[in-house]
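> A structural model of the following input is requested.
(one chain, ligands or ions: 1)
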Amino acid sequence: MLYFDHAATTPPYEEVVETVAELMRRHYGNPSSLHKYGEEAGQLLKRAREVCAAALAVKPGEIIFTSGATESNNLAVKGAALQYASRGRHLVTAVTEHPSVFESCRQLEQMGYELTVLPVDEEGHVSAEQVAAAIRKDTVLVSIMHVNNETGRIQPIHEIGARLKAEFPKVLFHVDGVQSFGKLPVKLKDWGIDLFSLSGHKIRGTKGTGLLYVREGVKLSPLLTGGGQEFDLRAGTENVPLIVGLAKAVRMAAEGRERFAAAVSGWRDIIMEAVRQNPALELNSGTEAPHIVNFSHPAMKAEVMLHTLELLGAAVSTKSACSSRLAEPSRVLLAMGRSGNAASGGIRISFGDSHTADEIRQLALAIQEMTTRLKTVERRLFE
Ligand code: PMP
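Sure thing, here's the model as predicted:
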């Protein structure tokens, strides 16, 4: 079975697995301890922070390690809203955000905050104008993702950040960069980003790891209080082996970004062409992110296509992994104006640098074969 669900999670690099295992065996000290074991663990933690900071071109003191991007997003959104409540209680986000941002905003709404949810156009984009028009005197935070996890659509982060910094410098700008880091250029300082989330397991690191960039000077209210770890922003003994594994993956993703994008976007184009061969299939993705293809069949359930592809040897996703067990249509595809059927029928194929050209050929053939089988089913249904 070939694995084409890299936007859900990726196979960790062998180097990452070996490093984590080795550190778990040998460096189990608590970085807060004062003896040699603690000192060694503390050094590893410090080095990991420096490596991540260098990959993002920021300062080590601006990196907070978390358990993944869900936590990073929760900490960014709720931490900023709670911290700056005296400034205002209005938040701006987009309808296509990941649930970890969207539901954090909704939770704040239930607590009395006001929320503006920006609609997107047919291609899934919001504009800097829309964001600027939504800002009020009491707006504290704008949260817009870089690359959408279902469709690969890219938001104009650079323009939004520039506009906010020029016209509304007090409004904080959070970006969920889970699907963009390691795939596209990311310039936190140049783009006016105050808070940036990424996840270890989407870049061939390990699950349960992530980080939040918090620009120097920005304060957050911690979600976990306790021993004061992570600059008082995230209490709990640091998982040093996993954090070092994360740092390794972050460095490899940053260094390999251009190679990744070149290889993977070529494969994406081959698969988009295979999808276009069947006029009944509607592409929901464009040629924006290098690693995601999304399509629907307006009359065919996504599960039928997914299981047909699985029988043909290819593991893909319906919607995103986080919401694929939910029966409702995709919020993202509905927001792009797709019909209820098409929005329920989205298939996402996502690539990584572990594939070979031969695997991509096999996937293209599987899509062709799926198309033939679906036509037979369609004929049976409609004749
Ligand atoms: N944001 C986006 C865009 C994602 O794709 C994901 C993973 N589905 C997350 C946040 C959550 O990341 P994690 O699995 O590390 O909690």
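> please make it C-alpha for all contacts and neighbour counts, starting now.
Fine.
> any idea of the mean pLDDT in the helix or strand hosting Ser72?
Per DSSP states H and E: Ser72 is located in helix 69-83. Helix 69-83 shows a mean pLDDT of 98.
> any bit of that helix sitting next to the ligand?
Yes - on the criterion Cα under 6 Å from any ligand atom, helix 69-83 is in touch with the ligand at 69-70.
> pull out the buried residues from that helix.
With burial defined by 16 or more other Cα atoms under 10 Å, the residues of helix 69-83 counted as buried are 69-82.
> could you do stretch 125-132 as well?
Within stretch 125-132, the residues that qualify as buried by neighbour count (16+ other Cα under 10 Å) are 125-128, 131-132.
> what's the farthest-apart pair in those?
His125 and Ala132 (14.6 Å; Cα to Cα).
> what packs against the top helix by length along the chain?
Determined from DSSP state H, the single longest helix within the chain is helix 357-382. With contacts taken as 3 or more Cα pairs under 8 Å, 6 or more residues apart in numbering; DSSP states H and E, helix 357-382 sits against helix 257-276, helix 302-311.
> format these as TSV; extra columns: mean neighbour count.
Listed next are the helices and strands packed on helix 357-382 as TSV, based on neighbours: other Cα atoms under 10 Å:
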stretch	mean neighbour count
helix 257-276	18
helix 302-311	18
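> make a markdown table out of the ones you listed and add distance to the ligand and mean pLDDT.
Formatted as a markdown table, these follow (distance: least, Cα to the nearest ligand atom, whole Å; pLDDT from 0 to 100):
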| stretch | distance to the ligand | mean pLDDT |
| --- | --- | --- |
| helix 257-276 | 18 | 95 |
| helix 302-311 | 18 | 93 |
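> what's around Tyr113, how many residues?
Counted with other Cα atoms under 10 Å, residues neighbouring Tyr113 total 17.
> for burial, what's the neighbour tally of Glu109?
Glu109 has 16 neighbouring residues, counting by other Cα under 10 Å.
> residues touching it, list them.
Residues in contact with Glu109 (Cα atoms under 8 Å, 6 or more residues apart in numbering) are Leu115.
> what helix or strand is it on?
Counting by DSSP H and E, Glu109 is part of helix 99-110.
> list the buried residues in the longest helix of the chain.
For helix 357-382, by 16+ other Cα under 10 Å, it's 360, 363-364, 366-368, 370-371, 374.
> now do stretch 143-163
By 16+ other Cα under 10 Å, the buried positions in stretch 143-163 come out as 143-158, 160-163.
> and the helix holding Ser72, what does it pack against?
For helix 69-83, the elements it packs on are helix 99-110, strand 139-143, strand 172-176, strand 195-199, strand 210-214, judged by 3+ Cα pairs under 8 Å, 6+ apart.
> pretty sure Lys183 sits against Ile292.
No - using Cα atoms under 8 Å, Lys183 is not in contact with Ile292, being 10.8 Å away.
> neighbour count: those two, which is higher?
The neighbour comparison of Lys183 against Ile292 (other Cα under 10 Å) goes to Ile292, with 31 against 25.
> residue contacts, the closest residue to Leu118 other than its chain neighbours?
Spatially, and ignoring its direct neighbours in sequence, Leu118 is nearest to Ala94 (4.4 Å; Cα to Cα, 6 or more residues apart in numbering). Taking Cα under 8 Å, 6+ apart, we find Ala94 in contact with 117-120, 126, 143-144.
> kindly recompute the last result at 10 Å.
Contact analysis of Ala94 by Cα atoms under 10 Å, 6 or more residues apart in numbering lists 101-102, 116-120, 124-126, 131, 142-145, 332, 335.
> now swap in Glu150 and tell me
Here Glu150 is in contact with 7-8, 96-98, 179, 284-285, 292-294, 317-321, 330, 332-333, 346-350 (Cα under 10 Å, 6+ apart).
> so what does it look like in phi/psi?
Taking degrees, to the nearest 10, you get phi -90, psi -40 for the backbone angles of Glu150.
> now Val293
Dihedral pair for Val293: phi -120, psi 130, per degrees, to the nearest 10.
> got it, and Pro329?
Main-chain dihedrals, Pro329, degrees, to the nearest 10: phi -60, psi 160.
> spit out the contact partners of it.
Residues near Pro329 by Cα under 10 Å, 6+ apart: 319, 323, 338-346.
> lowest pLDDT pick from those?
Ranking the contacts of Pro329 by pLDDT, Ser323 lands last with 59.
> just checking, Gly352 is part of a helix?
No - using DSSP: H, G, I helix; E, B strand; the rest coil, the secondary structure at Gly352 is coil, not a helix.
> how far away is it from Leu309?
18 Å (Cα to Cα, to the nearest Å).
> element containing the nearest residue to Gln83 once chain neighbours are set aside, please.
Nearest non-adjacent residue to Gln83, counting by Cα to Cα, 6+ apart: Ser221, 4.9 Å away. Assigned by DSSP H and E, Ser221 belongs to no helix or strand.
> contacts only, for Ser221.
By Cα under 10 Å, 6+ apart, Ser221 lies in contact with 75-84, 232-234.
> stretch 212-227: which residues count as buried?
Buried-residue list, stretch 212-227, by 16+ other Cα under 10 Å: 212-215, 220-222.
> check the secondary structure at the residue nearest to the spatial centre of the chain for me.
Residue closest to the mean C-alpha point of the chain, counted by Cα atoms, centre = their mean, is Val178 at 2.7 Å. Of the three states, Val178 takes coil under three-state DSSP.
> any idea how far it is from Leu306?
Taken as Cα to Cα, the span from Val178 to Leu306 is 24 Å.
> pLDDT score assigned to the closest residue to the ligand within the stretch 151-300 of the chain?
Nearest to the ligand in the stretch 151-300 of the chain, going by Cα to the nearest ligand atom, is Ser199, at a distance of 4.4 Å. Looking at Ser199, its pLDDT reads 98.
> using CSV, write down the CA coordinates of the following helix or strand past the helix holding Ser72.
Note on helix 69-83: by DSSP H and E, the next helix or strand toward the C-terminus is strand 90-94. Output of strand 90-94 as CSV, limited to C-alpha atoms (Å, rounded to 0.1, in the frame of the first residue of the first chain):
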residue,chain,number,x,y,z
HIS,A,90,-12.6,41.1,19.2
LEU,A,91,-10.9,38.5,17.1
VAL,A,92,-10.7,38.0,13.3
THR,A,93,-10.2,34.7,11.6
ALA,A,94,-11.3,32.9,8.3
